[in-house]
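Peer 1: Only the shape, not the letters, is given here:
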């Protein structure tokens with residue numbers, strides 16, 4: 001009982017970066033999609049750096065290192081808190097970094113031929129994770145509720161919050177492996193893929209923010225959610241996973257040619 005009370009007292013102190021994002025299944029599905037859309041040169045470069053490990057396998061790297069205090073400074077890189085209707089360009093960037101600054105830094109390191117191999121490996125793995133995070137709308141959520149973490153909900157009579165609902169609850173509810181999830185994502189034509197992969201990381205963040213605003217408007221604190229919520233939002237979950245995978249491939253293809 002004492003341990004439970006201690007945890008509950010400490011829980012509000014956690015930031016959005018301390019909590020999981022997309023869950024392992026979601027991140028790995030994004031990596032699986034990206035792998036299928038790499039150029040030949042990008043595939044070769046990625047395979048060399050990862051020594052044959054797949055993008056799906058390394059996609060959870062950003063979460064795997066969270067418990068290591070050595071990497072604590074990277075915690076703010078997993079998200080950016082934006083007030084509703086306020087674009088990123090109108091806020092004062094977090095001096096400790098955010099997801100947009102983090103992605104930019106990863107790309108800069110990977111494009112620099114002078115970067116040591118160990119740094120290239122580290123920032124490649126981190127980039128794979130962060131691009132996935134960018135497409136989870138609650139990672140571009142409001143500061144006052146820590147990206148939906150403070151909006152408490154009941155999902156099929158189990159306690160959760162809005163952030164976790166989008167991270168993993170809806171995905172895990174289907175019980176699919178990441179390969180099955182990737183295979184069931186809606187197909188996209190070549191033209192649609194070109195459109196999806198166009199634009200900048202900043203524009204992609206703006207799209208996630210727009211989705212986040214709609215997600216916020218769909219629930220109230222303490223609400224009980226069942227099949228209808230999943231039915232209404234599952235297409236959006238699939239869409240974000242697809243966007244994350246295709247855009248990750250675009251970023252890597254741009255880096256490696």
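Peer 2: Arrived safely, thanks for sending. Everything numeric here is computed off the predicted structure, so don't read it as measured data. Numbers count the residues shown, from 1 in each chain.

Peer 1: which intervals of the stretch 151-257 of the chain have sub-threshold pLDDT?
Peer 2: Of all residues in the stretch 151-257 of the chain, none has pLDDT under 70.

Peer 1: the helices in it, which residues?
Peer 2: Using DSSP state H, counting those that start in this stretch, the helices found in the stretch 151-257 of the chain span residues 162-164, 170-173, 178-184, 190-197, 201-217, 227-256.

Peer 1: and for the fifth one, what are the contacting residues?
Peer 2: Taking C-beta atoms under 8 Å, 6 or more residues apart in numbering as the criterion, the residues outside helix 201-217 that touch it are 80, 82, 84-85, 87-89, 99-100, 103-104, 134-142, 148, 151, 162, 166, 233, 236, 240, 243, 247, 251. Where C-beta positions appear, they are placed from N, C-alpha and C, glycine not excepted.

Peer 1: among those residues, which are in helices?
Peer 2: 99-100, 103-104, 134, 162, 233, 236, 240, 243, 247, 251 (DSSP state H).

Peer 1: list the contacts for residue 186?
Peer 2: Counted by C-beta under 8 Å, 6+ apart, residue 186 has contacts 235, 238-239, 242.

Peer 1: go on, residue 240?
Peer 2: Each residue near residue 240 by C-beta under 8 Å, 6+ apart is listed here: 135-137, 208, 211.

Peer 1: for the stretch 1-150 of the chain, what are the low-confidence residue spans?
Peer 2: Applying pLDDT under 70 to the stretch 1-150 of the chain flags residues 1-22.

Peer 1: distance of the residue most central in space within the chain from residue 102?
Peer 2: Nearest residue to the geometric centre of the chain (C-alpha atoms, centre = their mean): residue 133, 1.3 Å. Going from residue 133 to residue 102 by C-beta to C-beta, to the nearest Å gives 9 Å.

Peer 1: Please apply the same query to residue 123.
Peer 2: According to C-beta to C-beta, residue 123 and residue 102 sit 9 Å apart.

Peer 1: got it, and residue 172?
Peer 2: As judged by C-beta to C-beta, residue 172 and residue 102 stand 26 Å apart.

Peer 1: the more surrounded of those two?
Peer 2: Neighbours were counted for residue 172 and for residue 102 using other C-beta atoms under 10 Å; residue 102 has more, 24 against 13.

Peer 1: need the contact list for the nearest residue in space to that one that is not next to it in sequence.
Peer 2: Nearest non-adjacent residue to residue 102, counting by C-beta to C-beta, 6 or more residues apart in numbering: residue 77, 3.2 Å away. Counting by C-beta under 8 Å, 6+ apart, residue 77 makes contact with 17, 62, 97-99, 101-102, 126, 130.
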